[in-house]
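Novice: Predicted structure and sequence below. I'll ask about it afterward.
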Amino acid sequence: MKAAKHLIWIVLAIALFLTGCGANDASTETKGEEKKTPTPEEILEKSFEADADMKSADIDMNMKMDINAPGVDQSTTSSISGTIVMKPSISMKLNMDTMGEQVESYIKEDTLYLYEPTTAAWYKMDADSETSAALDPKQYEQPIGSQIKTVQKMADSIKVSETDTDYVLDVKIAEDKMKDIMEEKMGASYEDIVALEDVSYDKFDYTITIDKETNYFKNYKIDMVMKATQAGEEGTVNAVIDVNTSNFNGTDAIELPEEVKDAIDITEEAGMAY
């Protein structure tokens, strides 16, 4: 049970981590070279330049997970939609729906605010607590151009194809390096989430779609199979994640409603729960 619970947090952390990342400096292959399709490096360089000026974007994430562990055999579907503002400081407004259970949340000034419908109350906790570590805003503070130096270590190869409006990059991840990269990027937050004896990635397909006109990253798809062991319990998660981004630079700031500002602090309780 514990292994399965920690695996779910890892999947969410990876999904949001890769939402802010691309890939570079790996072996590359371009399909349709007779049409002079740009190389992955050329495509990503333009995207990095566009990202440097990005102030905000809307996000729409859909995730399906099949979870198998001692005492757990279930399929879950969830979605996250909302807005992320990167400048001048990171803040978010998110709506999450997991198997029909809806949760509204804000992240602002390193604090996570959650609305609990069963109690009709707002709660808050430090964004770096284990419960909220997967949504830690510190993951988004650096632009894609800076994060690329970390992500490039995961890529074995990148293949490029194109449509009339988009470039599609198929990134092959060096699965054996994933755990080390996540630990390096997320630091103590990742270590707290994991608390597992062994983690392996049997499958990790990562596809990025970039708009030709704006050079923004507009879609990410992740198809992964992850296994982990904790206290002798082995768990497996098959996850398919689809992330769309839009409305670039359409939001200036995220403001907290008055009822959210008066949220009950549960940072200590959240840490004890995990």
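Specialist: Thanks, I have the structure now.
Novice: do you know how far the residue nearest to Asn247 when sequence neighbours are not counted is from Ser91?
Specialist: In this structure, Asn247 finds its nearest non-sequential neighbour in Asp58, 4.1 Å apart by CB to CB, 6 or more residues apart in numbering. (Glycine included, C-beta is placed from N, CA and C.) To Ser91, Asp58 is 14 Å away according to CB to CB, to the nearest Å.
Novice: now Lys159
Specialist: Lys159 is 36 Å from Ser91, by CB to CB.
Novice: Give me the more crowded residue out of the two.
Specialist: Ser91 (24 against 16; other CB atoms under 10 Å).
Novice: Please name the bridge partners of the more buried one.
Specialist: Val85, Lys108 (DSSP bridges).
Novice: Quick one: residues contacting it.
Specialist: 84-85, 106-109, 137, 253-254 (CB atoms under 8 Å, 6 or more residues apart in numbering).
Novice: again, only using 10 Å
Specialist: Listed by CB atoms under 10 Å, 6 or more residues apart in numbering, the contact set of Ser91 reads 56, 83-85, 106-111, 137, 140, 251, 253-256.
Novice: which among these end up buried?
Specialist: 56, 83-85, 106-108, 111, 137, 140, 251, 254, 256 (16 or more other CB atoms under 10 Å).
Novice: Over to Lys221. Which of the three states is it?
Specialist: strand (DSSP: H, G, I helix; E, B strand; the rest coil).
Novice: Just to check, it is in contact with Asp242?
Specialist: Yes. At 5.4 Å, Lys221 counts as touching Asp242 under the criterion of CB atoms under 10 Å.
Novice: Overlap of the contact sets of these two?
Specialist: Thr207.
Novice: in the stretch 1-150 of the chain, which spans are helices?
Specialist: 2-19, 40-52, 144-151 (DSSP state H, counting those that start in this stretch).
Novice: In terms of mean pLDDT, which of these ranks lowest?
Specialist: When these are compared on average pLDDT, helix 144-151 comes out lowest at a mean of 49.
Novice: mean confidence score for the following helix or strand past that helix?
Specialist: The helix or strand immediately downstream of helix 144-151 is strand 155-162, counting by DSSP states H and E. Average pLDDT, strand 155-162: 84.
Novice: Partner strands of strand 155-162, with direction?
Specialist: Partners of strand 155-162, by DSSP bridges, with direction: strand 27-30 (parallel), strand 166-173 (antiparallel).
Novice: Among those, which one carries the weakest average confidence?
Specialist: Looking at the strands paired with strand 155-162, the bottom one is strand 27-30 with a mean of 50.
Novice: Low-confidence stretches in this structure?
Specialist: Low-confidence segments of the chain (pLDDT under 70): 1-35, 128-154, 175-198, 270-274.
Novice: can you pull out the strands in it?
Specialist: Using DSSP state E, the strands of the chain run over 27-30, 56-69, 72-85, 91-98, 101-108, 111-116, 121-126, 155-162, 166-173, 198-211, 217-230, 233-246, 264-265.
Novice: Within the sheet, what are the partner strands of the last one, with directions?
Specialist: Put plainly, it is strand 264-265. In the sheet, strand 264-265 lines up with strand 121-126 (parallel) (DSSP bridges).
Novice: Check which residues of the partner strand are buried.
Specialist: 122-126.
Novice: One more: stretch 209-223?
Specialist: Applying 16+ other CB under 10 Å to stretch 209-223 flags 209-211, 215-222 as buried.
Novice: Ok, stretch 51-70 next?
Specialist: Under 16+ other CB under 10 Å, the buried positions of stretch 51-70 are 51, 54, 56-59, 61, 63, 65, 67-69.
Novice: got the residues you listed as JSON lines, with distance to Lys36 columns?
Specialist: JSON lines is the format used below for these (distance: CB to CB, whole Å):
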{"residue": "Asp51", "distance to Lys36": "24"}
{"residue": "Met54", "distance to Lys36": "28"}
{"residue": "Ser56", "distance to Lys36": "34"}
{"residue": "Ala57", "distance to Lys36": "30"}
{"residue": "Asp58", "distance to Lys36": "33"}
{"residue": "Ile59", "distance to Lys36": "33"}
{"residue": "Met61", "distance to Lys36": "34"}
{"residue": "Met63", "distance to Lys36": "37"}
{"residue": "Met65", "distance to Lys36": "40"}
{"residue": "Ile67", "distance to Lys36": "45"}
{"residue": "Asn68", "distance to Lys36": "47"}
{"residue": "Ala69", "distance to Lys36": "49"}
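Novice: That concludes my questions; thank you for your assistance.
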